[in-house]
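Colleague: Provide a 3D model corresponding to the input given below.
(2 chains)
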Amino acid sequence: MSTLTYIIGWPLAAAVALLWVPRQMRVLVRLVPLLATFITMVLAIKLFWQFEPGAAGYQFVQKIGWVTSLDISYHVGVDGLSVGLVLMGAVVAFAAACVAWEIKEREKEFYFLLLLMTGGILGAFASLDMFFFYFFHELALVPTFIMIGVWGRGERKNYATFQITLYLTLGSLLVLIGLIALYLRSGANTFDLVRLTAYLGKHPLSPDAQLAVFPLLLFGFGILVSLWPFHTWAPLGYRAAPTSTAMLHAGVLKKFGLYGLLRIALPLMPVGARHWLGVVAFLCVGNILYCGLVAMRQKDLNLLVGNSSVAHMGFAFLGIASLGLIGITGAGVVMVAHGFLAALTFGLTGYLYQQTGTLEISELGGLLRRLPFIGSALVMAMLAGCGLPGFANFVGEVLVVFGSWKSVPIIAVLALWGALVIAAVYMLRALRNVLHGPLPEKWAALSDATNPWRKLPFVLLLSGLIIFGCFPRLLTGKITPAAAAILQTAAPQQP
Amino acid sequence: MNALLTLPEIAVVALGLGLLLLDLWTPPDQKRQLGYIAVAGLGLILAATFTLHGSNPQYAFGQIYVMDGLALFFKRFFLLGALFVLVMSTDFADRFPAGIGEYYALILFALAGMMWAASANDYSLLFVAIELITISFYVLNSFRRNQADSLEAGAKYLILGALASAFLVYGIAFVYGGSGTLSFHPTGPNSTDLSLSPIFQLGLAMVLVGLGFKIAAFPFQIWAPDVYQGSPTPTTAFLAIGSKAAGFVLLLRVLFSAAPDVATHWRPWWMAVCAITILYGNLGAVPQRNVKRLLGYSSIAHAGYMLLGVAAMSAAGAAAILYYLGGYLFTLAAAFTVICLAFRKSDTGDLAGLAGLHHRSPFLAATLTLAMVSLAGIPPLAGFFGKFLLLKAVVQRGITNPAYYWLVAVALFGIVVSLYFYLNVVRAIYWSKTRTETAPIEIPRLTRFSLYGCIAGMLYLGLLPNTFLNWAQEAVKALHLN
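Modeller: Predicted coordinates for the structure are as follows:
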């Protein structure tokens, strides 16, 4: 069996096993998910290490027939684009399981849902079958709903829970219709991506069909990635979500839409892509500038972080819209980097909330004195968010700006401005207000993460950012050949 | 010899009659146990149907009765559904003022009607089967005769059901007048010319009114919420599972075996009915605060989804309906069994009564959550794959006829809306604050097994659809669709 199957299987198997653990044995209830996600993470690191960059096609492939009459099969495999996402997803999942110590009631249910979500997310990135691609992604939907509903926080929790669920369902249903239309229109009668890509390479879809089906996938996936103006679910949902859920959702699950665009929409419908990506280039300015400006006005730290994460998605869209090798490679790096970054920031704000019970920026202040470790980690996360060199985000954003310079220079300038000026303003202002200045008396009793177990998730996520920031070739070396393969089918006229 | 083909139905009726006889000699406090005999008997009959084969159609009673793949599929479906309903009724027994023995027997008689409906190959058997189902339900609906809402449900069902039957029989008369035969397969020399004659079409339209009542399709859906809410829970379950499926098998047979030309001719009407049914059911369910009433509206919505398969008018669409019904069976059986147990004292079905179910019984809470998620059509449960197949069938038609894309859009809208009220039930279970009951719920062993069966069914149809999909595709070959 392929390592990938184990990577998907461990969390799911652990979820099922957890059902038989009596809820009184709290240590075991805690240990099972930690162990399972840890094994998954180790396997994912091994997978990343063993992956051979530049080799043609997919690696670690496994295929099992599932529904013969429709040619649906369980087909997993990774290329340079998805191997980084699987790694990032597995690391974030382990970190999310680590920070879940804040959950004190109904732990068993929480960990069950967390594991289910993890298995679903990793499965979605590993799937090479359109049906399973969708299927795995949807596995995470109901866990998100229940987790925010039961363990979430804030007064508008109910509203946020339903908003995020209904919005995301709408997006994924559009994707489903798009995938079904692709299956039927192609005439290949297969949901298998590899065979479908090969078939459509020889018999391309008619331009009419491409122009009609592409927007379904574009806006479906767009809703899932919070493409402006379909982003309103994200900040509210992440504010209401418990820490682990926000980490997994903002960090990993959201990348599914971008990955779907790159994996399915672009290579299979090149004509549609060229027609519609111009629209995306304009919308992503909405992400970068509009959401950046919105983030500047936020009074709640989590809303600020949520809006900034929406803003960062604009860079990934811009990279995709540039339809060039550098831009798409950049988008791939942004996806991985932002995964680590979003998980890290939500993990840290979750820690703050756990300690203080509020994330109102005006209530906080001077926390660096009491929380040297958490505070420093937050400083690093915020600086990474501004695109400081040395962090992986810098690499991705620079590549995206370079890549889009040729095709859409004005937008590239706006994006640069958004990243360097607006992001710096709200990030640094938040740092000043939360970490510096006088320490209010009520926070004198806060305790830092001194226990190595508490530090571990943040250290892991930060090292992900720094390693890929200092040695970007680890990522780009793998992503570039995959991006070239995608471009070869998507835009054959370019070198 | 050929009469033996109907042996499963005869066995069910005999079981029912036997129960009525046994009822005479059973002391009142043990009458509840009769249900176990019924369950065991039905289990045996269900097992015995697996010795039958439907690949070659066989006829009995002068072509009135057909035994083919479709019939066999639905007979097993109804038997399984009745099995779950009977288990539910044994839990419900102490809430009836009297006559639990008759209640079991009536379920079996209605079941026999459904099984005959599955084999109907002639308008006369169609009518007889539907009447057997409907008349049994008149009694089953109002079985809690000391409760006003149960009587109200019975009266509403009686009046509207009688009206539908009148349409049906009047329509059959016109069909006979137009075509000169009651058979679904007219063999006369000029039969095809007649199939588009106005008289025949008028008759067929009236027959469809009768069937529309059974499946609760717009504009014949008005009874569903009231009757679902007022009837005893096992009756509601059987209405939702069995009666609806019987309507669908007859609809498929009448449309695609008996009058394929007219069916294609009326395509726009089907699409309109389907779209309005989906919208009515889903939008109507949004403000509901009673679980049974909510499921009544949701059953209208699901009739609408399944009509997608009818409107698609393809083998893929018909197979999708069968698959969808399979998932619907397990899902609804699970939901109603939980409702039956959770509202032991009141049987009101108010959503507020579900608050804190998670503390009263985590297992029941999880089961109801699974059922709601499956109804909403989210992987990895049965409802998802059914909806996937239905949508696929409709999108397939859309390639040649763009009007179908509107239907897809309506269905998507319906699904998103439905998610709201299904998840509202989940919300009530897990994080609603208004707890009214706190006592832990005891689950009898047989019921527990039946719930395990439902969960296994939902997961099996959602996770491993291959085998069941092949069955469904085999079964619809009887309809000669392409």
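
Colleague: Provide the backbone phi and psi angles at the residue of the stretch 201-350 of chain B found nearest chain A.
Modeller: In the stretch 201-350 of chain B, the residue that lies nearest chain A is B:Ala319 (9.1 Å; CB to the nearest CB). For glycine as for every other residue, the C-beta is placed from the backbone atoms N, C-alpha and C. Backbone geometry at B:Ala319, expressed as degrees, to the nearest 10, gives phi -60, psi -40.

Colleague: which regions of the stretch 151-300 of chain A sit below the pLDDT cut-off?
Modeller: In the predicted model, the stretch 151-300 of chain A carries no residue with pLDDT under 70.

Colleague: what does it have sitting close to chain B?
Modeller: Residues of the stretch 151-300 of chain A found near chain B (CB under 8 Å from any CB of the partner chain) are A:158, A:161-162, A:165-166, A:169-170, A:173-174, A:176-177, A:180-181, A:183-185.

Colleague: hmm, which two among these are most spread apart?
Modeller: Distance extremes for those: the farthest pair is A:Asn158 and A:Arg185 at 40.3 Å, using CB to CB.

Colleague: Between those two, which has more neighbouring residues?
Modeller: The neighbour count for A:Asn158 versus A:Arg185, taken as other CB atoms under 10 Å in any protein chain shown, is higher for A:Arg185 (21 against 17).

Colleague: wait, doesn't that one sit right on A:Pro207?
Modeller: No. Taking contacts as CB atoms under 8 Å, A:Arg185 lies outside contact range of A:Pro207: 11.8 Å.

Colleague: Burial check on B:Ala352, number of neighbours?
Modeller: 17.

Colleague: Would you state the predicted confidence (pLDDT) at it?
Modeller: Note for B:Ala352: predicted pLDDT of 81.

Colleague: distance of it from B:Phe343?
Modeller: Relative to B:Phe343, B:Ala352 is positioned 11 Å away (CB to CB, to the nearest Å).

Colleague: Check A:Gly350 too.
Modeller: Applying CB to CB, the value for A:Gly350 to B:Phe343 is 39 Å.

Colleague: These two: which has the busier surroundings?
Modeller: The neighbour comparison of A:Gly350 against B:Phe343 (other CB under 10 Å) goes to A:Gly350, with 24 against 19.

Colleague: is it true that that one touches A:Arg239?
Modeller: No. Between A:Gly350 and A:Arg239 there is no contact, the gap being 10.9 Å when judged by CB under 8 Å.

Colleague: three-state assignment of A:His75?
Modeller: strand (DSSP: H, G, I helix; E, B strand; the rest coil).

Colleague: and it, how many neighbours?
Modeller: Residues contacting A:His75 under the criterion other CB under 10 Å number 25.

Colleague: Isn't it up against A:Leu193?
Modeller: Yes. Under the criterion of CB under 8 Å, A:His75 is in contact with A:Leu193, at a separation of 7.5 Å.

Colleague: Report the contact partners of the residue of the stretch 1-150 of chain B found nearest chain A.
Modeller: Across the stretch 1-150 of chain B, no residue is closer to chain A than B:Gly69, which sits at 15.5 Å (CB to the nearest CB). Contacts for B:Gly69 (CB atoms under 8 Å, 6 or more residues apart in numbering or on different chains) come out as B:Gly54, B:Ser55, B:Glu474, B:Ala475, B:Val476, B:Lys477, B:Ala478.

Colleague: isn't the last one right up against B:Ser55?
Modeller: Which is B:Ala478. No. Using CB under 8 Å, B:Ala478 is not in contact with B:Ser55, being 9.5 Å away.

Colleague: more crowded one of those two?
Modeller: Applying other CB under 10 Å to B:Ala478 and B:Ser55 shows that B:Ala478 carries more neighbours, namely 23 against 10.

Colleague: Show the model's pLDDT score for the more buried one.
Modeller: 83.

Colleague: Burial check on the residue of the stretch 251-400 of chain A found nearest chain B, number of neighbours?
Modeller: Nearest residue of the stretch 251-400 of chain A to chain B, counting by CB to the nearest CB: A:Phe256, 14.1 Å away. The number of residues packed near A:Phe256 is 27, by other CB under 10 Å.

Colleague: so who does the residue most central in space within chain A touch?
Modeller: Geometric centre of chain A, nearest residue: A:Val252, 2.9 Å, by CA atoms, centre = their mean. Counting by CB under 8 Å, 6+ apart, A:Val252 touches A:Leu85, A:Met88, A:Gly89, A:Val92, A:Ala93, A:Ile121, A:Gly339, A:Ala343.

Colleague: quick one: which of these is nearest B:Thr400?
Modeller: The closest of these, once distances to B:Thr400 are taken by CB to CB, is A:Ile121, at 37.7 Å.

Colleague: Now that closest one: closest residue in space, sequence neighbours ignored.
Modeller: Leaving out its chain neighbours, the residue that sits closest to A:Ile121 by CB to CB, 6 or more residues apart in numbering or on different chains is A:Val252, at 5.0 Å.

Colleague: For A:Ser226, grab phi and psi.
Modeller: Per-residue torsions, A:Ser226: phi 60, psi 50 (degrees, to the nearest 10).

Colleague: That one is in contact with A:Ala311, isn't it?
Modeller: No. Under the criterion of CB under 8 Å, A:Ser226 makes no contact with A:Ala311, lying 9.7 Å away.
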